[in-house]
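In: mind looking at a prediction? Sequence and model below.
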Amino acid sequence: MSAFSITEPTRRQKWIAGILVALYALITVMPLVWIVMTGFKTGPDSIAYPPKVVFSPSLEGYVNLFTTQTRLTPEQIETLPPPETWYDRLVREREKTIVGPSRFGQRFLNSVVIGFGSTFLSVFLGTLAAYAFSRFKVPLKDDLLFFILSTRMMPPIAAAIPIFLMFRTLGLSDTRLGMILLYTAVNLSLAVWLLKGFIDEIPREYEEAALIDGYTRFQAFYKVVLPQAATGIASTAIFCLIFAWNEYAFAVLLTSGNAQTAPPFIPTIIGVGGLDWPAVAAGATLFLLPVMIFTIVLRKHLLRGITFGAVRK
Amino acid sequence: MNPALQAIVTIFIGVGGCVGYFWLSNQLLDKVLFPPRGPSAGRNINRANMIRPWLFLLPALAALGLYLAYPVVETLRLSLSERLPEGGYTWVGLENYRQMAAEPKFWEAMRNNMLWLIVVPAASTGFGLLAAQLTDRIGWGNIAKSLIFMPMAISFVGAAVIWKLVYDTRPAGQEQIGVLNAVWLTFDEGPVSFIVLKLLPALVLLICSALLVWGAWLLLRTVPALHARPGALALRGGLALAALWLGWALLSTIPPLLSARLPFGQPRTWLTIPFWNNFFLMAVLVWIQTGFAMVILSAALRGIPEETVEAAIVDGANPFQIFFRIKVPQIAGTIVVVWTTITIVVLKVFDIVFAMTNGQWQTQVLANYMYDKLFRTGDWGVGSAAAMVLMALVTPILVWNVWNARREMR
């Protein structure tokens, strides 16, 4: 756009737009800032009024998140040996003592295992299916592709009852394996569609040359196509990971103790005497941070995923 | 066994199993079943090539079929049958649906779902369009875009936790930790409160209803030009009527809004105010989806040929005319894509309602109603019927989207 373009907004227009955007951005970001800040507040500070914008940060929320504590009377505290670590000291100041780790670590680990497991499976199966759709003559190819697309749009909760029954019969309820398989299926449609787009972009000539050189189809696939599709595979993997990481409805339905992931767990973190907001906020922050970084870095690719390439830029 | 060792073994088995399946099945096909040797080499190659795609496709299709397609059929079956106390099922026809239709909670869920369906896509697309248009005009537009896009990174349940903190209420006299109550308590009977809480919303309502009436006029204006297409005619008439009705509904809320006496100085429990609490829940989803709408619409706006805008300026169009009559019509297709994508998200909404109110205080939605039936009352029949209603609502949008995508692919 040149400096003399008549479509260039005037100074006043720029100012008005700037103020409106600033206002909207502020409203958007405020809840996020608030949750991160609350995670670093102490119990009393988190419920201070007027809400404290300036406060001395504390890791109490994070300590509460990762540990289980009990309240002690002053007499009991005197009988204990002096606190050894900084977190012991922090907890002791609140007249409590640490009795063990909380379940958060295990929930977080479940999220990681289920997330990576299902991502690996859906990307693996998705790559192969996408390759077949992209390169082979498959009967009813379009119908199959659109069947896969439509499963993505279906509300997964509409399939919840039979899955719940199936899991109970197969002994998969509340197991990591069950959740991995389920998330794999839910992610497959996205993986197939995205990867088909990426593989379509790789010129066929490379494989044809490899086939002429005496490679089998399978060798051509993993020696020629796979390395070239690596970027596409990586970004598809990140979408699948984000989905599995954030999934809530099935996690609530199908897991309770053993295989529960972090999303159903975080809203239920109860401190001594009610919902422990700093701990909840700390958990939410830890949980959201990795995904937020990925999402912002991969913004453009992510949009392609959401609309299935309906919007190409 | 040591957990770490167990994990390594599991990974090994998993990865090995996957790779092994493909290697072995391809080897089997090439070396054993149809070896490209001997007298029938040519035919064998052809046969192998016919089967090979299915080796690649089958696992994915099987997973999708088993976990997504079969359950939908099974849900339909369950919705038409009743679980017997001694086990097994009996066919009851539409009894579950009748039972469900007799429940006020179901109709509450339907009403709320309709509200969500109207408000969230409209608000997200509208705000997104506005944000796209405005951010393109300022120097730091890209930073603003990243900020507005940020909520998109957040899971629904994370958002629910965040907004629960925003809406949190403590009894009067105690200190408030919720942002909304903290803001609310700074208002009093003064002129600033009047402007912010009454005049501004009234103005927004007025603008919205004016836009709706204008939209209805646009729809009706071209009617005489459409000869003998009763379907299109009915669609336009219906849409125009709906827009007019909605515009009137918005307009008629302005006088009560202006004359309402607001309970200043008292902390409100936002999520328990009937009817309006729905909007507090919707705000969460609008917050998430606006960024998505903004980024896509911004790309579309940039794709508009500059010449069309220049021509309009030369012809003396004002900025509003340029926006609504030059730019919006050119990105109408993208707006529809954004709108339908968000509509599908809205129909799936469960996490936000479940984690924030669990359908109490008249905020029930279909997905949560289904969950309630299923796991609180153990009534699988009615729960499945609710799931089928949800499917029926999604299907037209789904078919339309797929049809569109197919057309585009050709």
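Out: It's in. Numbers count the residues shown, from 1 in each chain, chains lettered A, B, ... in the order given.

In: so, in contact with chain A or not, the strand or helix carrying B:Val295?
Out: According to DSSP states H and E, B:Val295 maps onto helix B:276-302. Yes - counting by C-beta under 8 Å from any C-beta of the partner chain, chain A has neighbours in helix B:276-302: B:287, B:290-292, B:295-296, B:299-300. C-beta: built from backbone N, CA, C; applies to glycine.

In: run a quick neighbour tally on the residue nearest to A:Val138 when sequence neighbours are not counted.
Out: Distances taken as C-beta to C-beta, 6 or more residues apart in numbering or on different chains put B:Pro53 closest to A:Val138, at 4.8 Å, once the chain neighbours are dropped. Here the count is done by other C-beta atoms under 10 Å in any protein chain shown, and B:Pro53 has 20 residues near it.

In: now the element after the host helix or strand of B:Pro53, going C-ward?
Out: When elements are assigned from DSSP H and E, B:Pro53 belongs to helix B:41-64. Once the chain leaves helix B:41-64, the next helix or strand it forms, by DSSP H and E, is helix B:70-79.

In: packing partners of the following helix or strand past that next one?
Out: Sequence order places strand B:81-83 as the next helix or strand after helix B:70-79, per DSSP H and E. Here strand B:81-83 touches strand B:89-91, helix B:380-409, going by 3 or more C-beta pairs under 8 Å, 6 or more residues apart in numbering or on different chains; DSSP states H and E.

In: columns distance to A:Leu32 and mean neighbour count on top of the ones you listed, output as a markdown table?
Out: Output for the helices and strands packed on strand B:81-83, formatted as a markdown table (distance: least, C-beta to C-beta, whole Å; neighbours: other C-beta atoms under 10 Å in any protein chain shown):
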| stretch | distance to A:Leu32 | mean neighbour count |
| --- | --- | --- |
| strand B:89-91 | 48 | 11 |
| helix B:380-409 | 31 | 19 |
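
In: looking at those, which has the lowest confidence?
Out: Note on the helices and strands packed on strand B:81-83: strand B:89-91 shows the lowest mean pLDDT, a mean of 75.

In: wait, does it make contact with chain A?
Out: No - counting by C-beta under 8 Å from any C-beta, chain A is not contacted by strand B:89-91; separation bottoms out at 11.0 Å.

In: what's in contact with that strand?
Out: With contacts defined as C-beta atoms under 8 Å, 6 or more residues apart in numbering or on different chains, strand B:89-91 is touched by B:78, B:80-84.

In: cool, and stretch B:73-88?
Out: By C-beta under 8 Å, 6+ apart, stretch B:73-88 touches A:158-159, A:161-162, A:165, B:89-97, B:380-381, B:384-385, B:387-388, B:391.

In: swap in 6 Å and give it another go.
Out: Contacts to stretch B:73-88, defined as C-beta atoms under 6 Å, 6 or more residues apart in numbering or on different chains, come from residues A:161-162, B:89-92, B:96, B:380-381, B:384-385, B:387-388.

In: pull the most distant pair out of these.
Out: B:Thr90 and B:Ala387 (19.4 Å; C-beta to C-beta).

In: can you list the neighbours in contact with stretch A:103-121?
Out: A:65-66, A:176, A:179-180, A:183-184, A:237, A:240-241, A:244-245, A:259-262, A:265.

In: B:Met282 contacts B:Ile118, correct?
Out: No - taking contacts as C-beta atoms under 6 Å, B:Met282 lies outside contact range of B:Ile118: 9.9 Å.

In: between these two, which one's more packed in?
Out: Of the pair B:Met282 and B:Ile118, B:Met282 is the one with more neighbours under other C-beta under 10 Å, namely 22 against 15.

In: what does the pLDDT read for the more buried one?
Out: 85.

In: residues in contact with it?
Out: Each residue near B:Met282 by C-beta under 6 Å, 6+ apart is listed here: B:119-120.

In: shaky segments in the stretch 101-250 of chain B?
Out: B:169-179, B:182, B:185, B:188-189, B:222-229 (pLDDT under 70).

In: give the buried residues for stretch A:129-147.
Out: For stretch A:129-147, the neighbour count (16 or more other C-beta atoms under 10 Å in any protein chain shown) marks A:129-136, A:138, A:144-147 as buried.

In: hmm, I typed the wrong one, I wanted stretch B:238-251.
Out: Buried-residue list, stretch B:238-251, by 16+ other C-beta under 10 Å: B:240, B:243-244, B:246-247, B:250-251.

In: now for the contacts of strand B:89-91: which two are most distant?
Out: Once C-beta to C-beta is applied, the contacts of strand B:89-91 give B:Leu80 and B:Leu84 as the farthest pair, at 14.3 Å.

In: between these two, which is the more surrounded one?
Out: Taking neighbours as other C-beta under 10 Å, B:Leu80 and B:Leu84 compare with B:Leu80 leading, 19 against 9.

In: so what's the backbone phi/psi at that one?
Out: Here is the backbone geometry of B:Leu80 (degrees, to the nearest 10): phi -100, psi 10.

In: contact partners for B:Trp163?
Out: With C-beta under 6 Å, 6+ apart, B:Trp163 has these contacts: B:Val284.

In: isn't there a helix covering it?
Out: Yes - per DSSP: H, G, I helix; E, B strand; the rest coil, B:Trp163 lies within a helix segment.

In: is chain A within reach of stretch B:148-155?
Out: Yes - among the residues of stretch B:148-155, B:148, B:153-155 lie within reach of chain A under C-beta under 6 Å from any C-beta of the partner chain.

In: most neighbours among those, which one?
Out: B:Ile148 (27 neighbours).

In: quick one, the lengthiest helix in chain A and helix B:41-64 angle?
Out: Ordering each helix of chain A by length in residues (DSSP state H) puts helix A:104-135 first. Interaxial angle of helix A:104-135 relative to helix B:41-64 (axes from the mean of the first three to the mean of the last three C-alpha atoms, to 10 degrees): 150 degrees.

In: tell me the mean pLDDT for helix A:104-135?
Out: 84.

In: from the chain's centre, how far out does it sit?
Out: 13 Å (C-alpha atoms, centre = their mean, to the nearest Å).

In: quick one: the helix or strand just after that helix to helix B:380-409, angle?
Out: Once helix A:104-135 ends, the next helix or strand along the chain (criterion: DSSP H and E) is helix A:141-153. Counting by the same axes, to 10 degrees, helix A:141-153 lies at 130 degrees to helix B:380-409.

In: packing partners of helix A:141-153?
Out: For helix A:141-153, the elements it packs on are helix A:176-200, helix B:380-409, judged by 3 or more C-beta pairs under 6 Å, 6 or more residues apart in numbering or on different chains; DSSP states H and E.

In: okay, the angle between the first one and helix A:104-135?
Out: Right, helix A:176-200. Using the same axes, to 10 degrees: helix A:176-200 against helix A:104-135 is 40 degrees.

In: other residues contacting helix A:176-200?
Out: So helix A:176-200 is contacted by A:113-114, A:117-118, A:121-123, A:126-127, A:129-131, A:133-134, A:148, A:151-152, A:156, A:167, A:172, A:229, A:232, A:236, A:240, A:243-244, A:250, A:259, A:305, A:308-309, B:60, B:63-64, B:67-68 (C-beta under 6 Å, 6+ apart).

In: with that, I have no additional questions.
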